[in-house]
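> Need a 3D model of the sequence below.
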Amino acid sequence: MTELVGRWRSANGTAGVLFGDEVVFSADGTGELRHHSALHGEDTLTFRWRMEGEAVLRLRLIDDEEDQDEDDLVAVEFRAHDSDAGRHVVLAEVGRDGFWLCLDPLERVRS
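Here you go, the predicted model:
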């Protein structure tokens, strides 16, 4: 198993019981975006990632056969997120509520 760099999930106070996301970054430059929904079940997308600069990730979805054609450059930030569950520091895309393909900001999962 590849060493994990980080694991993030939909932040507390979002609709995590009905739907949510988990993003796993592995040290070998691969990752998984796992989405769960009470209506649609579970789905997992695999991707490649690398740091492109300070607080900028280059992300590329991959499928079973080959890489997709395009990379996504995602400018990320850590910011405070207030909800009914309190205040948390979350990972999100600059200028958006969520992160990349996720609707919600993500909080770090501590091992």
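
> residues contacting the residue nearest in space to the middle of the chain?
Centroid check for the chain by CA atoms, centre = their mean gives Val23 as the closest residue, at 3.8 Å. Residues in contact with Val23, defined by CB atoms under 8 Å, 6 or more residues apart in numbering, are Arg7, Trp8, Arg9, Gly31, Glu32, Leu33, Arg34, Phe99, Trp100, Cys102, Leu106. For glycine as for every other residue, the C-beta is placed from the backbone atoms N, C-alpha and C.

> Met51: which of those is nearest?
Gly31 (12.6 Å; CB to CB).

> any idea which helix or strand comes after the helix or strand that that closest one is a member of?
Following DSSP states H and E, one finds Gly31 within strand 30-37. Using DSSP H and E, the next helix or strand after strand 30-37 towards the C-terminus is strand 41-53.

> ok, the contacts of Val23 vs Leu59, which is closest?
Trp100 (6.1 Å).

> Would you check how far apart that closest one and Arg87 are?
Counting by CB to CB, to the nearest Å, the gap from Trp100 to Arg87 is 23 Å.

> between those two, which one's more packed in?
Trp100 (20 against 11; other CB atoms under 10 Å).

> For the closest residue to that one other than its chain neighbours, the count of nearby residues, please.
Distance criterion CB to CB, 6 or more residues apart in numbering; nearest residue to Trp100, sequence neighbours excluded, is Val74 at 5.3 Å. Neighbour count of Val74, defined by other CB under 10 Å: 19.

> Which parts of this structure are helices?
Counting by DSSP state H, the chain forms no helices at all.

> all strands of the chain, in order?
4-10, 19-26, 30-37, 41-53, 56-62, 72-83, 86-93, 106-108 (DSSP state E).
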